[in-house]
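> Next comes the sequence, and after it the predicted model I'd like to discuss.
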Number of protein chains: 2
Amino acid sequence: MANIYCDHEKEHALAVQRAKEDILMHEDVEKISRIFHMLADPSRLKIVLALMKGEMCVYHLTEVCDGTQSGVSHQLRILRDNKIVKAKRLGKNVEYSIADEHIREIVEMGKAHLLCNTAE
Amino acid sequence: MANIYCDHEKEHALAVQRAKEDILMHEDVEKISRIFHMLADPSRLKIVLALMKGEMCVYHLTEVCDGTQSGVSHQLRILRDNKIVKAKRLGKNVEYSIADEHIREIVEMGKAHLLCNTAE
DNA sequence: TGAAATTATGAATAAATCTTCATATCTTCA
DNA sequence: TGAAGATATGAAGATTTATTCATAATTTCA
């Protein structure tokens, strides 16, 4: 499927072919990007970072994350809907925790990236 | 720093304390979330996924990603500004490649997450 | 130099999203 | 049962962001 627009057809052909071969379906790309989307907001990321230290109830999350009760609750709902965190009611409180262990690794990578770049 | 709102003070105290101890500064959280933000859009993620197979010029990226020239170019600019990809002019073409090796790992984690969840 | 190829950019529109305010729901306990 | 604590939710407003259209800029080559 050569085109006339690229002067470097030979060098690029391989990469293009490989990319097309196992290109993910649009639906899959959307699923992956949704995961990253969950961590792309500072408020949500703070919540996840806090929960990575241990389960916590909403009140403590608002305290640790320095947010409002409503704001934290709204973000928790989004994180819950996307299976990032899970909730467990304990009396008056609702205790949240990380629901997806992959998230831990992904966030750790993000932290590593930060450390690496601030060191530069 | 006890509070009267949580019935599970004892169980949570440790987690709250730990979370507060090495909580990241807001600025750091923003930096990390910005990285995830770059991957949180399907169009950008497609570009990154394609470039992970090898460097490519804009024309081929639009082809592989099934996007418009303008759209791809706009997203490339955002990725460039955020040091996710880098550009190198070769004649009429501009060849893009991954600028940050951490990104590779982070995206791979995202892919692994997808595979893991679709297998369920 | 001028035309064609390739990429970049500015503006505008539309869509998604975060935050806040007010209020509802649920639980415990007196 | 009713009040207070704790969390959830709906709606509104404001900001961000993605996409598209038109056009500019850069490079090659005849």
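The structure has been received and is ready for your questions.
> A:Ser97 and A:Arg80 touch, don't they?
No. Contact between A:Ser97 and A:Arg80 fails when scored by CB atoms under 8 Å: they sit 11.0 Å apart. Just so you know, the C-beta spots here come from the backbone N, C-alpha and C atoms, and that holds for glycine as well.
> Now for the two: what residues contact both?
Listed as contacting both A:Ser97 and A:Arg80 by CB atoms under 8 Å, 6 or more residues apart in numbering or on different chains are A:Lys86.
> which other helices and strands contact the longest helix seen in chain A?
Longest helix in chain A by number of residues (criterion: DSSP state H): helix A:101-119. Secondary-structure packing of helix A:101-119 (3 or more CB pairs under 8 Å, 6 or more residues apart in numbering or on different chains; DSSP states H and E): helix A:26-39, helix A:42-51, helix B:26-38, helix B:101-119.
> tell me how far the first one is from the chain's mean position?
Shown here is helix A:26-39, whose average C-alpha point lies 8 Å from the average C-alpha point of the whole chain (CA atoms, centre = their mean, to the nearest Å).
> Would you mind listing the buried residues in it?
Of the residues in helix A:26-39, A:28-29, A:31-33, A:35-39 count as buried by neighbour count, 16 or more other CB atoms under 10 Å in any protein chain shown.
> quick one: is it near DNA strand C?
Yes. Residues of helix A:26-39 are located near DNA strand C by CB under 7 Å from any atom of the strand, namely A:His37.
> for that helix, what is the average pLDDT?
Mean pLDDT, computed over helix A:26-39, is 95.
> So what angle separates the directions of it and helix B:26-38?
170 degrees (axes from the mean of the first three to the mean of the last three CA atoms, to 10 degrees).
> Equivalent analysis for the shortest one, please.
The directions of helix A:42-51 and helix B:26-38 differ by 110 degrees, with the same axes, to 10 degrees as the criterion.
> residues in contact with helix A:42-51?
So helix A:42-51 is in contact with A:38-39, A:56, A:61, A:64-67, A:71-72, A:75-76, A:78-79, A:84-85, A:96-98, A:103, A:107, B:19, B:23-24, B:26, B:29-30, B:32-33, B:36, going by CB under 8 Å, 6+ apart.
> Could you do stretch A:69-88 as well?
Stretch A:69-88 is contacted from outside by A:34-35, A:38, A:41, A:43-44, A:47-48, A:51, A:55, A:58-59, A:61-62, A:65, A:67, A:94-100, A:103, using CB under 8 Å, 6+ apart.
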